[in-house]
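In: Predicted model, plus sequence, below.
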Amino acid sequence: MTLALPAAAAPAPRRQVFVATALAGVAGTMLIGGMLAIWALLRERVVSAGERFPDSYIIPEVPSNVMLITVWSLCLFAQWAVYAARRSDRAHTALALGVVFLMGLAYVNAQAFVYVDMGVVLADSAYGALFYAVTGTMATLVIAGLVYTVVAAFRSLGGRDREVELISAHAMYWYFIAAAYSAVWFVVYVTK
Amino acid sequence: MTTIDTPARPAALGDGTVGTFVARAADWATSTDHKKIGRLYAVTGLLAAVAVAVIGALLGLERTDDSGNVLDGGALLQLFQLHRIGLVFAMAIPVTLGVAIAIAPMQVGARAMAFPRLALTGFYSWLGGITLTIVALAANGGVGGGDAQMVDLFLAGLGLTILGLLASAASVAATVLTTRAPGVTLRRVPFMTWSALVQSLALLVALPVMFGAIVLLFVDTRNAGLAFGGPEAIGDWISMFWSQPMTYIYALPALGLLAETLPVAFGRRHPLRQVVFAGLGLVAVGAFAGVAQQQRFGVDFSAEGADVVKQAVIALFFYGLPLLGAVVVLALGAIVAKPEGDRVTPKISAGLLFGVVSTLMILAGAAGSLLAAIDDFELAGTVFEEAAAVYVTYGALLGGLGALVFWAPKLWGIHVADRKVLPLAGLGLIATAAASLPHYIAGFTDQPAAAGIYDGDGASTILNGIVLVGHALMALTVLAALGAIASSRSDDAVEANPVGGHTLEWTIASPAPADNFEALPTVSSAEPELDNLAGTEGSPS
């Protein structure tokens, strides 16, 4: 006799992609936070020794600030995609995801410009290694976001437009990126 | 959307042909069945445990002679690192994570785990990473390594290892959070699953910080090494993985095993489930130490009063709270065992005994860490700290072994006879105590950690000799346990619930079918199978 295990009445709730993206966001936050903490510690040591950090490089403020504006406005477009997907508006979903992708590319382009403009030599100083490691990790996370956008777009345009969860999770990833870059921007480009 | 999919059934297999072997190997290598992925992790981790224990025995042999003349001095630095990395990344985490992957989905009533391909990718990433790490250490890489390229390979391998473990931990956490069957609320998840969830989340919080440090170190050491100071300084930034209290999070499922098997032994419901949950959660405080990248939180009683209080609060937070959590789990077990009304004769299973032994070992390690935090004892940098880590990691290993034996009916379709494995729990207890306790004593005589040359005497030789024997016994314990599991295979069908388990996985056939449940179950209590056995409706808890 089965008393506690009757036949299933309803399927289990599943928001796996959303939860997994949230977990990835937590891990990514700890990754960037940990790297920035080490940056701050080493910076304090250099400054305490009476030296300058960065030693001889000038940070181009315009592209770094534009990158900050880019990631936050990118969130707006990612949320637009969610809005459109909830209404099964495939055209606007595709348009919004396309804009997200373009803005992500713009971020990568701006980062490349910063690298070229600053001309930091990796093996020249402690700053070089830290700078490329932190900004490179951040850029890698953005590129992962671009891949996420492409996957979300393919699924959405492939007829799974009713699946809002993926688009929502995609938007959440970009919120994480925006928050993470804000911290990188403040530590690496503002307080230096 | 859903990412759950039904694992593909292996192709029809013939008998005794090369094709059969290849087909089976391919099935195992590409399976999305969580039970297979979990076993891949756990059994590989157990085999690695044997190798790690042998290395521990070799290091014990080296230290029986205080002049460091037994092993090649040039290789000693790498051997110590291999032992530490092996204990954590090749043994403790994969064994416990493998158990979690294999068991947790069944316990929550899921037909498959969330993101099984991610979990499998994590396994291969871990396997590749740990192999590269070992190769790099063998070729003069690692902390303070003399070969620059091998130092880079060491960091890359360790990074790959961490990425793999993170991927699998994310799969476990997502499984518990999203694939629970109707009625399986988070308050009703079994203790083993809860401990797996807490461990996974703690790993997801702590390991990325270490990964970030590795990225910075890799970029720096591949170039001028100006930021961190080259290979010698690597240890300062990554050693927290080996230090307490971060090691506690590797051992969480061992505590979950005890909490799970005690009520089964007494045939009762646990009266204070939420308090046990809280106790297991307290152990995860260790993750914050990893986040803080701190290896030690000392208290100097010769300092000014206010400073002592400040230091003591921090030390108690990091060492005291996890210890309290483990004590809570053990103490509430006593409540389950307390006689009420009709006297119940407990059914002492191997799983329970392994759970008790592993918890005691973890407590011994946690208590040692609390003691080592007192600066006045001058235990920092001695083998005392090393012994505490060995206590905890071997405790985690014994917990993993116990879980594999306890859930063997579901994983392999076998019931491992208690007479075969009960003595092994005792042997594991002796092995862990012998591998650790002498170093607790040697710590007070200032024997340095990770050093072959020290100022010793006859007593040191005896103590390190006992450590040697302890590690050798642990290798024997693991091999014997694997042998017991392998020799329990038979053609006779095993009943669904041969151990009298209370939770959902015991309602399905043994071995568990590929999809676990034919239909999604709906449960109304935390112990649905106990309800079935008792023929009553479950409690609302």
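Out: Looks like it came in fine. Numbering: from 1, shown residues only, chains lettered A, B, ... in the order given.
In: can you give me how far the helix or strand bottoming out on mean pLDDT in chain B is from the chain middle?
Out: Taking mean pLDDT, DSSP states H and E as the measure, helix B:286-291 is the helix or strand of chain B with the lowest mean score, a mean of 76. Using CA atoms, centre = their mean, to the nearest Å, we find the averaged C-alpha position of helix B:286-291 to lie 16 Å away from the chain's own average C-alpha position.
In: chain center to whatever helix or strand comes next after that helix: distance?
Out: Next in sequence after helix B:286-291, counting helices and strands by DSSP states H and E, comes helix B:305-315. Per CA atoms, centre = their mean, the displacement of helix B:305-315 from the mean C-alpha position of its chain is 31 Å.
In: For helix B:305-315, buried residues please.
Out: B:311-312, B:314-315 (16 or more other CB atoms under 10 Å in any protein chain shown). Glycine gets a C-beta too; all of them are placed from N, C-alpha and C.
In: pretty sure A:G98 is touching A:A153, no?
Out: Yes. Contact between A:G98 and A:A153 holds when scored by CB atoms under 8 Å: they sit 7.3 Å apart.
In: who has more neighbours, the two?
Out: A:A153 (20 against 14; other CB atoms under 10 Å in any protein chain shown).
In: Now for B:G443, how many residues are close by?
Out: B:G443 has 26 neighbouring residues, counting by other CB under 10 Å.
In: Could you do the one 4 residues further on as well?
Out: The criterion is other CB under 10 Å. On that basis, B:Q447 has 23 neighbouring residues.
In: and it, how far is that from B:T382?
Out: In this structure, B:Q447 lies at 6 Å from B:T382, with CB to CB, to the nearest Å as the measure.
In: likewise B:H270?
Out: Distance, B:H270 to B:T382, using CB to CB: 40 Å.
In: what's near enough to touch the one residue in the stretch 351-500 of chain B that gets nearest to chain A?
Out: Shortest the stretch 351-500 of chain B-to-chain A distance, computed as CB to the nearest CB: residue-wise this is B:A496, at 12.2 Å. Under the criterion of CB atoms under 8 Å, 6 or more residues apart in numbering or on different chains, the contact list for B:A496 reads B:409, B:506-510.
In: Next to chain A in this structure, residues from the stretch 151-300 of chain B, please.
Out: Remark: the part of the stretch 151-300 of chain B in contact with chain A comprises B:166, B:170, B:173-174, B:177-182, B:204-213, B:215-216, B:218-220, B:223-224, B:226-227, B:237, B:291, B:293, using CB under 8 Å from any CB of the partner chain.
In: So which of those residues are in strands?
Out: In strands, judged by DSSP state E, none of those are found.
In: Just the buried subset of those, please.
Out: By neighbour count, with 16+ other CB under 10 Å, these hold B:166, B:170, B:173-174, B:177-182, B:204-213, B:215-216, B:218-220, B:223-224, B:226-227, B:237, B:291, B:293 as buried.
In: mind exporting stretch B:164-175 as CSV, just the C-alpha atoms?
Out: Output in CSV follows, covering the C-alpha atoms of stretch B:164-175 (Å, rounded to 0.1, in the frame of the first residue of the first chain):
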residue,chain,number,x,y,z
GLY,B,164,36.1,21.2,-13.3
LEU,B,165,35.1,21.0,-9.7
LEU,B,166,33.2,24.3,-10.0
ALA,B,167,31.3,23.0,-13.0
SER,B,168,30.3,19.8,-11.1
ALA,B,169,29.5,21.7,-7.9
ALA,B,170,27.2,24.0,-9.9
SER,B,171,25.4,21.0,-11.3
VAL,B,172,24.8,19.5,-7.9
ALA,B,173,23.5,22.9,-6.5
ALA,B,174,21.2,23.4,-9.5
THR,B,175,19.9,19.8,-9.1
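In: Quick one: mean pLDDT over it.
Out: Stretch B:164-175 shows a mean pLDDT of 97 in the predicted model.
In: next one: stretch B:229-246
Out: Throughout stretch B:229-246, pLDDT has a mean value of 88.
In: what's the answer for stretch A:59-69, then?
Out: pLDDT averaged over stretch A:59-69 equals 94, rounded to a whole number.
In: can you check stretch A:178-192 too?
Out: Mean predicted confidence for stretch A:178-192 is 94.
In: With chain B in mind, check whether it reaches it.
Out: No. Using CB under 8 Å from any CB as the criterion, no contacts between stretch A:178-192 and chain B are found, and the smallest distance is 11.6 Å.
In: buried sites along that stretch?
Out: By 16+ other CB under 10 Å, the buried positions in stretch A:178-192 come out as A:178-181, A:184-185, A:187-189.
In: Tabulate the residues you listed (a markdown table), appending secondary structure.
Out: Formatted as a markdown table, the entries for the buried residues of stretch A:178-192 read as follows, by DSSP: H, G, I helix; E, B strand; the rest coil:
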| residue | secondary structure |
| --- | --- |
| A:A178 | helix |
| A:A179 | helix |
| A:A180 | helix |
| A:Y181 | helix |
| A:V184 | helix |
| A:W185 | helix |
| A:V187 | helix |
| A:V188 | helix |
| A:Y189 | helix |
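In: For B:A233, give its distance to A:W39.
Out: With distances defined as CB to CB, the gap from B:A233 to A:W39 amounts to 16 Å.
In: the more surrounded of the two?
Out: In terms of neighbours (other CB under 10 Å), A:W39 is the more surrounded of B:A233 and A:W39; the figures are 24 against 16.
In: Contact partners for that one?
Out: By CB under 8 Å, 6+ apart, the residues touching A:W39 are A:130, A:134, A:187-188.
In: now do B:G19
Out: Taking CB under 8 Å, 6+ apart as the definition, B:G19 has no contacts.
In: for it, helix, strand, or coil?
Out: B:G19 - assigned by three-state DSSP - is helix.
In: now A:K192, what's its secondary structure?
Out: coil.
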